[in-house]
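Peer 1: starting from these lines, generate the structure:
(one chain, ligands or ions: 3)
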Amino acid sequence: GSTVGILGGGQLGRMLAIAAAELGFRTEVLCPDPGSPAFQVASAAHVAAYEDEAALRRFAEACDVVTFEFENVPARAVEVLEALTRVCPSATSLAVCQDRGQEKELLDRLRIPTAAWALIEGPGDIQSAAGRLGRNAVLKSRRFGYDGKGQARLDEHLDAAAAWRVVGAAPAILEERVPFLREVSVIGVRGGDGSFAAYDVAENRHEGGILVESRAPARLAKATAEEALSIARRIMEALEHVGVMGIEMFVTEADGGERLLVNELAPRVHNTGHWTQDGCIASQFEAHIRAVADWPLPSTARHSDAVMANLIGADADAWPALAAETGLALHLYGKSEVRPGRKMGHATRILPLGTLESGG
Ligand code: ATP
Ligand code: MG
Ligand code: MG
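Peer 2: Ligands and ions are numbered 1, 2, ... in the order given. Presented below is the predicted three-dimensional model:
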């Protein structure tokens, strides 16, 4: 059998390792935190910093292919890995998707609609950009943001300097606030041979910047859903991305119809795709493992309607009650320490196909 290396040890790495094991692969995980959820299920653990080049080399030499469960990997680490083994997705996909500025530039180049935006290098830029975009805008750090962290609404801050401090006084973008009808996402997968598949569009609800629920199908006109998949494919082809990508979009109303604006790209398996574990023949995790291992892509067909809820900051006392519910698939991440806002697991309700309104 061959060995898949996973950089990063969070729940996404854990679920990737489980999917890899189902297909008979060994997994090796590299992550600095010895308590990481993925270490509990991996075949071998490398507890090391992403800057530790000797450890990265040992890791790469043990693996037939290396992939990532998060995008904030130092460029140097990718260089070290690429010199020794196959790495998917590529350094380019990671570099673009770890920087909101580069992401937006790519989307503009592909003529894929986004919220109006501007690059921000300092508080002075915020004033001039707000002149064009208005104060109903959100400042987002270009790098390292997740779960709505590293963002500041301009209309809630008295001055540009305050907003600049909130995002960490680092390169940012200012983005028009979109009056969206709903948020949706596409989980696409692309093979090294250019093959492509995507799951049905999911509809997502966030609270305070954190995903609380995803459902499939999304309430979306059929033509809009097709457009969402086509946008995903164009982005992944432009990046020559190999593996799964999660693409978040806003649905807005335009001329009585629906319009899609791309929000952000994740060059990896994605929280809004967890429903595929129980709603589809093959999950996003299996799809990713197959793509990076150069196997044929799986069927992405959905056999059920699904509603996935994140278990955020929930402690273990609540789990037996969930486990007792029929039709609910429980996935727990093995994190011992509960913290507010921390994703401890998710539960997916499975319903007969056609139960949920689809809008199409
Ligand atoms: P993730 O955890 O998904 O990576 P993130 O921290 O990278 O999140 P975004 O996805 O950019 O941040 O924003 C988080 C949420 O905030 C969005 O899902 C959306 O609900 C809201 N949001 C972000 N940008 C805008 C916008 N321009 N207009 C309206 N709402 C927005
Ligand atoms: Mg993000
Ligand atoms: Mg997001």
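
Peer 1: which parts of stretch 67-84 count as buried, going by neighbours?
Peer 2: Within stretch 67-84, the residues that count as buried by 16 or more other Cβ atoms under 10 Å are 67, 68, 69, 70, 71, 73, 77, 78, 80, 81, 84. Heads up, the C-betas are built off the backbone N, CA and C, glycines and all.

Peer 1: closest one of those residues to residue 172?
Peer 2: Nearest to residue 172, judged by Cβ to Cβ, of the buried residues of stretch 67-84 is residue 71 at 17.4 Å.

Peer 1: distance-wise, check the closest residue to ligand 3 within the stretch 251-360 of the chain relative to ligand 1.
Peer 2: In the stretch 251-360 of the chain, the residue found nearest to ligand 3 is residue 264; the distance is 5.0 Å by Cβ to the ion. Distance, residue 264 to ligand 1, using Cβ to the nearest ligand atom, to the nearest Å: 5 Å.

Peer 1: before we move on, back to that, can you lay out the buried residues of stretch 67-84 as TSV showing distance to residue 192?
Peer 2: Shown next, in TSV, are the buried residues of stretch 67-84 (distance: Cβ to Cβ, whole Å):
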residue	distance to residue 192
67	12
68	16
69	19
70	21
71	19
73	20
77	21
78	17
80	21
81	17
84	18
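
Peer 1: near ligand 1 too, which of those?
Peer 2: When Cβ under 6 Å from any ligand atom is applied, no member of these is adjacent to ligand 1.

Peer 1: which one of those residues sits closest to residue 117?
Peer 2: Of those, the one sitting nearest to residue 117 (Cβ to Cβ) turns out to be residue 71, at 19.3 Å.

Peer 1: excluding chain neighbours, what is closest to that closest one?
Peer 2: Leaving aside its sequence neighbours, residue 71 sits nearest to residue 98 (Cβ to Cβ, 6 or more residues apart in numbering; 4.6 Å).

Peer 1: and what of residue 68?
Peer 2: That would be residue 7: by Cβ to Cβ, 6+ apart, it lies 4.8 Å from residue 68.

Peer 1: I figured the one you found was touching residue 30, is that so?
Peer 2: Yes - if you go by Cβ atoms under 8 Å, residue 7 and residue 30 touch, sitting 5.4 Å apart.

Peer 1: between the two, point out the one with more neighbours.
Peer 2: Between residue 7 and residue 30, residue 30 has the larger neighbour count (other Cβ atoms under 10 Å), namely 32 against 25.

Peer 1: return the distance of the more buried one relative to ligand 3.
Peer 2: 25 Å (Cβ to the ion, to the nearest Å).

Peer 1: next up, the contacts around that residue.
Peer 2: Contacts for residue 30 (Cβ atoms under 8 Å, 6 or more residues apart in numbering) come out as 5, 6, 7, 8, 9, 46, 48, 50, 55, 56, 59.

Peer 1: spatially nearest residue to it (excluding sequence neighbours)?
Peer 2: residue 46 (4.0 Å).

Peer 1: helix or strand for the one you found, just tell me which one.
Peer 2: strand 44-47 (DSSP states H and E).

Peer 1: partner strands of that strand and their direction?
Peer 2: Strand 44-47 pairs in its sheet with strand 26-31 (parallel), by DSSP bridges.

Peer 1: so which elements touch the longest helix anywhere in the chain?
Peer 2: Ordering each helix of the chain by length in residues (DSSP state H) puts helix 222-238 first. Helix 222-238 is packed against helix 100-109, strand 182-190, strand 196-198, strand 243-254, strand 257-266, with contacts defined by 3 or more Cβ pairs under 8 Å, 6 or more residues apart in numbering; DSSP states H and E.

Peer 1: select, out of these, the one closest to residue 219.
Peer 2: Smallest distance to residue 219 across those (Cβ to Cβ): 6.8 Å, for strand 182-190.

Peer 1: can you give the strand pairings for that closest one, parallel or anti for each?
Peer 2: Here, using DSSP bridges, strand 182-190 pairs with strand 196-198 (antiparallel), strand 202-207 (antiparallel), strand 243-254 (antiparallel).

Peer 1: most tightly surrounded among these?
Peer 2: Across the strands paired with strand 182-190, averaging neighbours per residue (mean count of other Cβ atoms under 10 Å) puts strand 243-254 on top, at a mean of 22.

Peer 1: average pLDDT for that strand?
Peer 2: The predicted model assigns strand 243-254 a mean pLDDT of 97.

Peer 1: thinking again about what came up before, just checking, the residue nearest to residue 71 touches residue 143?
Peer 2: Yes - at 6.0 Å, residue 98 counts as touching residue 143 under the criterion of Cβ under 8 Å.

Peer 1: and the helices in the chain, which stretches?
Peer 2: 11-22, 53-62, 75-82, 91-97, 100-109, 123-133, 160-166, 222-238, 276-279, 284-292, 319-323.

Peer 1: would you reformat those as a markdown table and include mean pLDDT?
Peer 2: Formatted as a markdown table, these follow (pLDDT from 0 to 100):
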| stretch | mean pLDDT |
| --- | --- |
| helix 11-22 | 98 |
| helix 53-62 | 98 |
| helix 75-82 | 96 |
| helix 91-97 | 96 |
| helix 100-109 | 98 |
| helix 123-133 | 94 |
| helix 160-166 | 93 |
| helix 222-238 | 98 |
| helix 276-279 | 98 |
| helix 284-292 | 98 |
| helix 319-323 | 93 |
